[in-house]
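Give me a model of this one.
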Amino acid sequence: MDKPIYTITAKDNENVFIHAMQGHFVTASSHLNYYIGTSDVKHNHDVSSEAAKLLARYYHENNIECDTVLCLYETHVLGAYLAHELSKPTMLNPNPNNKVYVIGPEYDNQGNIIFRDNLRRLIKDRRVLILISCITTGRIIERAMESINYYGGSVVGISAVFSVKHYIDDVKVTTIFHRSDLPGYETYPIGNCPYCKAGTPVDGLSNGYGYSMLDI
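Below you'll find the predicted structure:
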């Protein structure tokens, strides 16, 4: 099933871009009328390093310090560049003393994020920034925030490549691309999807790792 793919370029940096594919897509928590592709931001050295600069800007301008970046859904490359940017000197903090760690999640059988004993020190009493590719309902971020709190850390920021949400549990979401960058983008609750009600087949399944077309 061939569908047109659109390229959307960041307003502040033409070297940072994502892709969008229109259709009927299903995630674990919602139905979407577009699939948002962030593979280049997550896996392309040049795009990822430039994207990290855009995301770091908010934290520099607001003097928000971070100790650990928790990378969800294959955002480790972007997270490493973001940690590098966050550790750079700024006018407000000309002599940064802190190291910024980069870690990924491990999940238990119930889907909860857990941290092994050798990594707990990177969460406990640390200022944690959660990084993810796309945010639609925000439920994944909420679960990550709960886990960080369980282990004694504090969430000081949430960053995404694309986000529908502006705040989650009173924490601001910093993002490169918004809903306004893709006019007509919609997300629907499971059980209240107009495509399903109209009998429109599902085109594909998607999550933070990518998509799989059904080709029905």
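
ranges for the helices of the protein?
Along the chain, counting by DSSP state H, helices occupy 39-43, 45-61, 76-86, 139-150, 194-197.

To Phe25, which of these lies closest?
Taking C-beta to C-beta, helix 194-197 is the member of those nearest to Phe25, at 9.4 Å. In short, each C-beta sits where N, CA and C put it, glycine included.

Not counting the closest one itself, show me its contacts.
His24, His31, Asn33, Tyr188, Val202 (C-beta atoms under 8 Å, 6 or more residues apart in numbering).

How much space separates the second one from Cys196?
Spelled out, it's His31. 7 Å (C-beta to C-beta, to the nearest Å).

Looking at these two, which one has more neighbours?
Ranked by neighbour count (other C-beta atoms under 10 Å), His31 and Cys196 place His31 first, with 21 against 16.

In JSON lines, list the helices of the chain along with distance to Asp117.
Converted to JSON lines, these look like this (distance: least, C-beta to C-beta, whole Å):
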{"stretch": "helix 39-43", "distance to Asp117": "29"}
{"stretch": "helix 45-61", "distance to Asp117": "29"}
{"stretch": "helix 76-86", "distance to Asp117": "21"}
{"stretch": "helix 139-150", "distance to Asp117": "14"}
{"stretch": "helix 194-197", "distance to Asp117": "45"}
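
Tell me which of these lies nearest to Asn112.
Judging those by C-beta to C-beta, what sits closest to Asn112 is helix 139-150, at 6.2 Å.

Who are the contact partners of the residue lying closest to Tyr188 once chain neighbours are set aside?
With sequence-adjacent residues excluded and distances taken as C-beta to C-beta, 6 or more residues apart in numbering, Tyr188 is closest to His31, at 4.5 Å. Applying C-beta under 8 Å, 6+ apart to His31 gives the contacts His24, Phe25, Thr187, Tyr188, Pro189, Ile190, Cys193, Tyr195, Cys196.

is His31 in a bridge, and if so with what?
Val26, Tyr188 (DSSP bridges).

That'll do, ta.
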